[in-house]
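# Everything below, folded, please.
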Amino acid sequence: MRISAIKISLTIILICFLRFACLAIADFQLKESEKPNVILIFIDDLGYGDLATYGSDILTPNLDQMAKEGVKFTNFYVAQAVCSASRAALLTGTYSNRLGIHGALDHTAKHGLNPDETTIAEMLKPLGYQTGMFGKWHLGHHPEFLPTSQGFDEYYGIPYSNDMWPNHPQSKNYYPPLPLYQNDKVVDTLFSDQSMLTTTFTEKAVDFIGRNKENPFFLYLAHPMPHVPLFVSDKFKGKSPKGLYGDVVMEIDWSVGEVMKALREKGLEENTLVIFLSDNGPWLSYSGHSGSAGPLKEGKGTSWDGGVKVPAIMKWKGQIPAGLVQENTAMSIDILPTIAQITGAELPKLPIDGKSIFSMLSDAKATSKQEAYFIYYNRNELQAVVMGDWKLYFPHKYRSIAPGQAFRNDGNPIDYYMIEMKEMELYHIPTDPSESKNVISQNPAIASKMNELAEIARNDMGDALQNREGKNNREPGKVN
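Here you go, the predicted structure:
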């Protein structure tokens with residue numbers, strides 16, 4: 001009897017233990033299944049060398065801390081080195097030239113991001129996400145192209161760059177005035193003083209976080225700075241030894257700090273992925289009013305690394321190891337599928353080009369699933385291919401700062417001149433980040449492989465350099 005009683009007691013204890021264990025596992029799974037918030041901070045014309053964590057002497061303590069607590073990419077590319085095209089690729093996970101979005105759309109544009117395309121916001125809406133966008137949109141200013149028609153519940157910002165008028169950029173004779181939108185209505189116009197733009201968009205973002213702390217949200221904060229014309233609030237005016245440009249970058253860093261503080265105060269740090277990156281490299285012709293590409297060659301408007309390689313930092317407390325440096329190659333088209341993976345969202349119905357890089361956020365040895373990345377520019381010219389450590393260029397013309405010009409710090413540009421690349425060139429990026437030594441003659445097999453991949457891209461998306469039409473390109477949205 002005593003033995004039987006002991007057996008019964010042990011059985012009861014075992015059943016209770018297993019039940020408790022099952023409940024614990026269920027509780028763990030419930031917590032794991034909570035939909036993470038996503039914050040995407042996109043900066044305009046910030047150079048690879050403009051943050052202290054990337055070698056700048058501009059003080060950026062909040063972004064430095066973000067890099068210490070998350071992952072910093074050192075070879076992160078955008079799809080094109082210009083505003084609208086870069087934004088289209090980021091928000092859709094698709095090469096912008098495939099979508100028919102080239103260059104920078106202004107107030108005369110009769111087209112925009114096609115509503116048939118799926119943005120990150122539209123992808124997350126079926127999961128119950130609240131979606132907000134604050135800052136510069138630049139994917140079409142007609143009602144059917146605005147953020148509130150592309151998956152965002154709310155929008156407060158400007159529809160295109162704050163320099164798109166004839167008297168660019170520092171003159172007070174602005175024409176037309178820059179419209180400021182709230183949702184789909186113009187609520188104000190901006191003239192000569194835009195000093196509170198960074199502060200205002202930051203306050204809107206922090207308020208959005210506070211209002212949505214009880215439900216999953218996607219926040220897209222797209223600062224217009226440090227794109228010219230430069231403006232900074234009194235909080236940071238004269239604070240940087242780098243002049244007005246440095247002041248502006250310091251205020252952007254403050255903005256990131258305010259967002260991070262809001263997450264901490266609301267207890268959301270461990271359930272929020274924060275992504276920070278720039279849309280392209282620095283606009284070098286603005287001299288003292290432009291940033292730095294650091295060791296990289298050229299800047300915005302070119303397919304050299306100074307134009308398409310950007311600072312990129314991602315943080316998710318408890319999910320991303322602190323202080324990870326990711327040296328392997330990735331691109332902005334990979335952001336959407338990465339977010340899809342971590343949220344469980346369905347990918348867009350129309351084909352996309354990006355692939356999830358979630359493993360790269362926690363493993364320095366992990367690599368992209370892409371065999372290669374394709375760099376297009378200037379109305380669908382395939383100018384370069386990136387394959388792992390290698391970058392191959394095809395003959396094309398590109399702009400560079402004309403020699404012999406004096407430095408300017410008044411917000412007006414100096415001159416470009418055009419350089420013609422007449423032969424293919426190959427660079428090994430890890431050993432030559434400045435792209436100064438063409439090694440194509442020593443690596444014919446690598447160049448041949450990359451050219452084969454380029455041929456696939458030409459058949460798929462076209463190539464204006466060879467007058468090739470792509471088989472799988474799509475139309476942008478158009479108005480009459």
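# neighbours of residue 227, just the number please.
Neighbour count of residue 227, defined by other CB atoms under 10 Å: 27. C-betas here are computed from N, CA, C, even on glycine.
# mind checking how far the residue nearest to it when sequence neighbours are not counted is from residue 465?
Once flanking residues are discounted, residue 227 sits nearest to residue 44: 3.9 Å by CB to CB, 6 or more residues apart in numbering. Counting by CB to CB, to the nearest Å, the gap from residue 44 to residue 465 is 28 Å.
# surely the residue nearest to residue 227 meets residue 278?
Yes: if you go by CB atoms under 8 Å, residue 44 and residue 278 touch, sitting 7.4 Å apart.
# Among these two, which residue is more densely surrounded?
Legend: neighbour count by other CB under 10 Å for residue 44 and residue 278, higher for residue 278 (29 against 25).
# Return the residues in contact with the more buried one.
Residues in contact with residue 278 (CB atoms under 8 Å, 6 or more residues apart in numbering) are 42, 43, 44, 45, 46, 47, 78, 310, 311, 312.
# three-state assignment of residue 126?
Here residue 126 is helix, with the state taken from DSSP: H, G, I helix; E, B strand; the rest coil.
# Map the structural domains onto the sequence of this protein.
As recorded under automatic domain parsing, the domains making up the chain are 34-368, 376-478.
# winner for burial among these?
domain 34-368 (a mean of 21; mean count of other CB atoms under 10 Å).
# Just to check, residue 142 is in contact with residue 112?
Yes: counting by CB under 8 Å, residue 112 is a contact partner of residue 142 at 6.3 Å.
# what helices or strands is the helix or strand hosting residue 133 leaning on?
Take DSSP states H and E as the rule and residue 133 turns out to sit in strand 130-136. When contacts are defined as 3 or more CB pairs under 8 Å, 6 or more residues apart in numbering; DSSP states H and E, strand 130-136 sits against helix 120-124, strand 154-158, helix 197-211, strand 217-222.
# on that earlier part again, columns mean pLDDT on top of the domains of the chain, output as CSV?
Listed next are the domains of the chain as CSV, based on pLDDT from 0 to 100:
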stretch, mean pLDDT
domain 34-368, 95
domain 376-478, 97
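# still on that earlier bit, who does the strand holding residue 133 pair up with?
strand 154-158 (parallel), strand 217-222 (parallel) (DSSP bridges).
# Figure out which of those strands is closest to residue 431.
Proximity to residue 431 (CB to CB) singles out strand 217-222 among the strands paired with strand 130-136, at 34.8 Å.
# Next, the angle helix 197-211 makes with the closest one.
180 degrees (axes from the mean of the first three to the mean of the last three CA atoms, to 10 degrees).
# List of residues touching strand 217-222?
Taking CB under 8 Å, 6+ apart as the rule, strand 217-222 contacts 37-42, 44, 87, 91, 120-121, 124, 129-137, 152, 157, 201-202, 205, 208-209, 255, 259.
# same check, this time on stretch 346-364
Contacts for stretch 346-364 (CB under 8 Å, 6+ apart): 71, 92-95, 98, 116-118, 123, 126, 314, 316, 319-321, 324-328, 330-331, 333-338, 340-342, 366-370, 472, 474.
# Put the alpha carbons of that stretch into PDB.
In PDB, the C-alpha atoms belonging to stretch 346-364 read as follows (Å, rounded to 0.1, in the frame of the first residue of the first chain):
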ATOM      1  CA  GLU A 346       2.400  38.000 -45.800                       C
ATOM      2  CA  LEU A 347       4.700  39.200 -48.500                       C
ATOM      3  CA  PRO A 348       3.200  41.400 -51.200                       C
ATOM      4  CA  LYS A 349       1.300  39.700 -54.000                       C
ATOM      5  CA  LEU A 350       3.400  41.400 -56.700                       C
ATOM      6  CA  PRO A 351       6.900  40.000 -56.900                       C
ATOM      7  CA  ILE A 352       9.500  41.800 -54.900                       C
ATOM      8  CA  ASP A 353      13.300  41.800 -55.100                       C
ATOM      9  CA  GLY A 354      14.400  41.800 -51.500                       C
ATOM     10  CA  LYS A 355      15.100  38.900 -49.200                       C
ATOM     11  CA  SER A 356      15.100  38.700 -45.400                       C
ATOM     12  CA  ILE A 357      18.300  39.500 -43.700                       C
ATOM     13  CA  PHE A 358      17.100  38.700 -40.200                       C
ATOM     14  CA  SER A 359      19.900  36.300 -39.600                       C
ATOM     15  CA  MET A 360      22.400  39.000 -40.300                       C
ATOM     16  CA  LEU A 361      21.100  41.100 -37.400                       C
ATOM     17  CA  SER A 362      22.400  38.500 -34.900                       C
ATOM     18  CA  ASP A 363      25.200  36.700 -36.600                       C
ATOM     19  CA  ALA A 364      28.300  38.600 -37.900                       C
END
